[in-house]
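# here is my input, please return the structure:
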Amino acid sequence: MTPPADRLARGEGIALWRQIAQALEQGITAGTHPPGGRLPSEAELSAQHGVNRHTVRRALEALSQRGLIRIEQGRGSFVAEDVVDYPVGPRTRFSELIRAQNREPAGRILQIAEVPAEAAVAEALRIRPGKPVLRVDRLGLADDRPVVLGLHHFVLPRFANLPAELAGHGSITQGLAACGVADYRRVSTRLTARLPTAQEAEILQQARARPVMVAEALNSDPDGRPIDFTLSCYAAGRVQILIESGETT
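Reported below is the predicted structural model:
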């Protein structure tokens, strides 16, 4: 367990924040703080070690920079979980990929709205800019932890019934099948990285200082007609994107 305040080596040349970080790391390695577990709060650690919160915060930031913990705004600090491998290929299916790694997938629909197609969306879906499309904001989770925030754009009026089909399960694949598209293929994927917005950080439960991976993906039906252009934001600390050679462009 983390040592009490009188166990810190004061005046011996080792910074107090570094000693606290080392003690927490030992607890993580020993399993005292399991993956996904919440660490004691800054106030609790300050009282435990007899130091100010700035010293504790520096220790936590050092562990966060090394990827050992994640600091979530308004929620506290948590031990980092194992990274989810996310292969991107012609048949990328979120639930199948998560289950293949012995994790439980879930989809949460955050918002559904009819919006005018922006230029990039219109070009990908081969429609004129400004034409209405169905936008579905969906959060993908693995073992109840947010993994990816996807902003899906579907062609209208072809998928006008999709909102009703998504009710109760939140699975895009099941919803498309109910709309007559039993299979679809990934046409292209473009990956970039950036810092998340405040809203993205809150939804993905991660710090704003931690980058996210952003993917622009286009899916088409078996006849080659575009059906879905998605802007996905992945929690980089929990996901490792694997590009299968020759499968995507």
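
# who's in contact with residue 77?
Contacts of residue 77 were listed using C-beta atoms under 8 Å, 6 or more residues apart in numbering, and they are 38, 39, 60, 63, 64, 69, 70, 71. Backbone N, C-alpha and C define where each C-beta goes, glycine included.

# can you give me the helices in the protein?
16-30, 42-49, 53-65, 94-99, 119-125, 162-166, 172-178, 198-204 (DSSP state H).

# so what touches the third one?
Right, helix 53-65. By C-beta under 8 Å, 6+ apart, helix 53-65 touches 16-18, 20-21, 24-25, 39, 42-43, 45-46, 49, 69-71, 77, 207, 210.

# kindly recompute the last result at 10 Å.
15-25, 28, 39-49, 51, 68-71, 76-77, 79-80, 207, 209-210, 237 (C-beta atoms under 10 Å, 6 or more residues apart in numbering).

# just to revisit the earlier point, buried members of the contacts of residue 77 into ChimeraX, please.
Buried residues within the contacts of residue 77, by 16 or more other C-beta atoms under 10 Å, are selected in ChimeraX with:
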select :39,60,63,64,69,70,71
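
# residue 224: how many residues sit nearby?
By other C-beta atoms under 10 Å, the residues close to residue 224 number 8.

# surely residue 113 touches residue 134?
Yes - counting by C-beta atoms under 10 Å, residue 134 is a contact partner of residue 113 at 7.8 Å.

# what touches both of those two?
Joint contacts of residue 113 and residue 134 (C-beta under 10 Å, 6+ apart) are residue 163.

# give me the more crowded residue out of these two.
Ranked by neighbour count (other C-beta under 10 Å), residue 113 and residue 134 place residue 134 first, with 21 against 11.

# need the pLDDT of the more buried one.
Residue 134 is assigned a predicted lDDT (pLDDT) of 98.

# got the domain boundaries for this structure?
Domain assignment for the chain by automatic domain parsing gives 5-79, 84-243.

# now the weakest link among these, please, by mean pLDDT.
Looking at the domains of the chain, the weakest mean confidence is domain 5-79, a mean of 87.

# and that domain, how far out from the chain's middle?
Computed by C-alpha atoms, centre = their mean, to the nearest Å, the chain-centroid distance of domain 5-79 equals 24 Å.
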